[in-house]
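Undergrad: Got a predicted model here, sequence first, then my questions.
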Amino acid sequence: MGNTSSMLTQYDIEEVQQHCNHAFTQQEIVSLYERFCQLDRNNCGFIPSDEFLSIPEFAVNPLSQSLLRMLDGFNFKEFIAFLSAFSPRATLQNKIEFIFKVYDTDCNGKVSFDDILTVLRDLTGQYMSEDQRKEVLAQVLEEAGYTKDSFLVLSDFMKVLKQLISSITCCTGILKFHFGKYVIRQVILGNSDLKMEAEVPVD
Amino acid sequence: MNSKGSLQSSSSELDLDRPNIEDYLPSGVAIQQEPRGKLRLHDLLDISPTLSEAAGAIVDDSFTRCFKSNPPEPWNWNIYLFPLWCFGVFIRYLIIFPTRVLVLTIGWIIFLSSFIPVHLLLKGHDKLRRSIERSLVEMMCSFFVASWTGVVKYHGPRPSRRPKQVFVANHTSMIDFIILEQMTAFAVIMQKHPGWVGLLQSTILESVGCIWFNRSEAKDREIVARKLREHVLGADNNPLLIFPEGTCVNNHYTVMFKKGAFELGCTVCPVAIKYNKIFVDAFWNSRKQSFTTHLLQLMTSWAVVCDVWYLEPQNLKPGETAIEFAERVRDIISHRAGLKKVPWDGYLKYSRPSPKHRERKQQNFAESVLRRLEEK
């Protein structure tokens, strides 16, 4: 074990960096590689979904199933590309594309009413009835100028989510939740910013 | 008060050792303030907070950190030092290791040749037999400690044998038990192991009053809870030792303490164990290695260095729940041994977290959506 980092040459790292549009520094890639090897316990080159679910903090996430579908059978390069949306160096475009992909379950480039409903179902569980969800969704879609039958494409997501950025109404507060070197940034006052970052611990 | 304590614990017998993470989750998570204003489409589509949390957990999480073996300090390869290092390997594997095997074998021979006759012949003299067996087990543990040149510093008063007290310690490896046992014959509560360890458990250690259980058997919990209560009441029983974490942690963190040990209505004596990693990492990563390989690893290193602190006995304060009490004792141990506290239940190594946590997140989200829908 121990020597996993030395298995990555600078060429490998540069290749991975190119693959993720330089969203991560070389140090971060080495750290992520160690993490990848740690989760890939059987050295099969990808992380089985079972292993992701053994991380309690991930398993309790309402969206874990959707994310697992996206993560299924990823090798290290794809794993990095997946995480690159959470890098502070990723553009807003990258982040919105990522969110779009979570909604677009069948990968046809269009998000239907049902797609959004599926994610909303994961997010609210038993605390909203199916009818309530449909009603809420139909209402907000209408107010934003869409109908129940319209398909949202990436540009719609861009438009809608960029409104979020421009409509800064309250002050932004960032809660830093320290855990050793482990920090999650969370937006505590909504309507402010699309803050989607996960900090990679670098030793 | 004590009788009341035992009454309470019999009623909550079944949820002895039930995970109860929500009592331990840092309050920081709950501070999240509610967004206000009318609900719009972008509020529904913006799933970034949830996604960031998930990605944060994928990149690094506090739970797996607790069970990560620490890689040895990289050896500084240098042409001058290399011969020295080779010399070290030579000594460790070809001189020290065989010597230690010899010491251990001699120990076993002495132990078995006196234990078996004592066990079989002194059937009528229970008291005498027990005290001889006790010292024999202590002696055998000293042989084990000698077999990895254990340099153990004990601080604080040595535990005495008296009813109504229970010792709790943080858990890094099975060798914790051996290290504590060589000073005082404790009766320990432990997971039943397979192989030769299991054989020792059911034969020799049974005689010092150790109690074995299977983590996954719900039925075992009841039996263990009953045995525990019976054990602490006996005046001549060996002091009880419990590792309330229920699993080995890498000696940098402490995971949640199971409340079982704290609802017996006894005085709780905390024991803190801290290993020094200069020669070898004493953490037993049971997923990666068997106990035999773990022992071999210890026996081929220079030495196992560790500190043991017997700390101030603690009692349940009036109005304190068993969980609060467990948490207070965990504070004391973590502080003394310099360990970080994490809220997770160590049993999550073997099972998935309960859906309750996810449901709470869902509830928060659903409530905020519904509330904001009404705002105009």
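TA: Good, I have the coordinates. Numbers count the residues shown, from 1 in each chain, chains lettered A, B, ... in the order given.

Undergrad: Secondary structure element for residue 114, which one?
TA: Chain wasn't specified; assuming chain A. Using DSSP states H and E, A:Asp114 sits within helix A:113-124.

Undergrad: Chain B was what I was after
TA: helix B:97-121.

Undergrad: where exactly do the helices run in chain A?
TA: A:10-19, A:26-39, A:49-53, A:56-59, A:64-71, A:76-83, A:92-103, A:113-124, A:130-143, A:154-166 (DSSP state H).

Undergrad: Please enumerate the strands of the stretch 51-200 of chain B.
TA: Under the criterion DSSP state E, counting those that start in this stretch, strands of the stretch 51-200 of chain B are mapped to B:150-155, B:165-169, B:187-191.

Undergrad: Now do the same contact list for B:Met299.
TA: B:Phe97, B:Arg100, B:Val101, B:Ser147, B:Trp148 (CB atoms under 8 Å, 6 or more residues apart in numbering or on different chains). Any C-beta I mention is one placed from the backbone N, CA and C, and that applies to glycine too.

Undergrad: roughly how far is the helix holding B:Ser114 from the heart of the chain?
TA: 28 Å (CA atoms, centre = their mean, to the nearest Å).

Undergrad: What part of chain A, helix or strand, is modelled with the least confidence?
TA: The weakest-scoring helix or strand in chain A, judged by mean pLDDT, DSSP states H and E, is strand A:174-179 (a mean of 32).

Undergrad: Identify the residues contacting the longest strand along chain B?
TA: The longest strand of chain B (DSSP state E) is strand B:267-276. Under the criterion CB under 8 Å, 6+ apart, residues B:159, B:164-170, B:172, B:176, B:179-180, B:241, B:251, B:261-262, B:281-283, B:304-315, B:325, B:329, B:332-333, B:336-339 lie in contact with strand B:267-276.

Undergrad: Now list the buried members of the residues you listed.
TA: Using 16 or more other CB atoms under 10 Å in any protein chain shown as the burial test, the contacts of strand B:267-276 include B:159, B:165-170, B:172, B:176, B:179-180, B:241, B:251, B:261-262, B:281-283, B:304-311, B:314, B:325, B:329, B:332-333, B:336-337, B:339 as buried.

Undergrad: quick one: low-confidence ranges for chain A?
TA: Along chain A, the parts satisfying pLDDT under 70 run over A:1-6, A:164-194, A:202-203.

Undergrad: Neighbours of residue 107, how many?
TA: Defaulting to chain A. Applying other CB atoms under 10 Å in any protein chain shown, we find 8 residues neighbouring A:Cys107.

Undergrad: The chain in question should be chain B.
TA: By the other CB under 10 Å criterion, the neighbourhood of B:Gly107 contains 18 residues.

Undergrad: For the residue nearest to it when sequence neighbours are not counted, give its distance to chain A.
TA: Distances taken as CB to CB, 6 or more residues apart in numbering or on different chains place B:Phe143 nearest to B:Gly107, at 2.9 Å, with adjacent residues excluded. For B:Phe143, the distance to chain A equals 31 Å [CB to the nearest CB, to the nearest Å].

Undergrad: which residues touch B:Phe143?
TA: Listed by CB under 8 Å, 6+ apart, the contact partners of B:Phe143 are B:Val103, B:Leu104, B:Ile106, B:Gly107, B:Trp108, B:Phe111.

Undergrad: Any stretches of the stretch 251-376 of chain B with poor pLDDT?
TA: Those would be B:376, if you go by pLDDT under 70 across the stretch 251-376 of chain B.

Undergrad: Show me the helices in it, by range?
TA: Assigned by DSSP state H, counting those that start in this stretch, the helices in the stretch 251-376 of chain B fall at B:291-299, B:322-337, B:356-374.

Undergrad: Quick check: which of the ones you listed is buried the most?
TA: Across these, averaging neighbours per residue (mean count of other CB atoms under 10 Å in any protein chain shown) puts helix B:322-337 on top, at a mean of 19.

Undergrad: report the angle between the axes of that one and strand B:150-155?
TA: 110 degrees (axes from the mean of the first three to the mean of the last three CA atoms, to 10 degrees).

Undergrad: Can you name the residues in contact with helix B:322-337?
TA: Under the criterion CB under 8 Å, 6+ apart, residues B:9, B:20, B:23-24, B:168-170, B:244, B:251, B:254, B:256-259, B:261-263, B:268, B:270-274, B:307, B:309, B:311-312, B:314, B:316-317, B:320, B:339-341 lie in contact with helix B:322-337.

Undergrad: let's see it at 6 Å
TA: B:23, B:170, B:254, B:257, B:259, B:262-263, B:268, B:270, B:272, B:274, B:309, B:311, B:314, B:316, B:341 (CB atoms under 6 Å, 6 or more residues apart in numbering or on different chains).

Undergrad: circling back: how about the contacts of B:Phe143 in CSV, adding distance to A:Pro88 and pLDDT?
TA: Output for these, formatted as CSV (distance: CB to CB, whole Å; pLDDT from 0 to 100):
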residue, distance to A:Pro88, pLDDT
B:Val103, 56, 94
B:Leu104, 54, 94
B:Ile106, 61, 96
B:Gly107, 58, 95
B:Trp108, 59, 94
B:Phe111, 61, 94
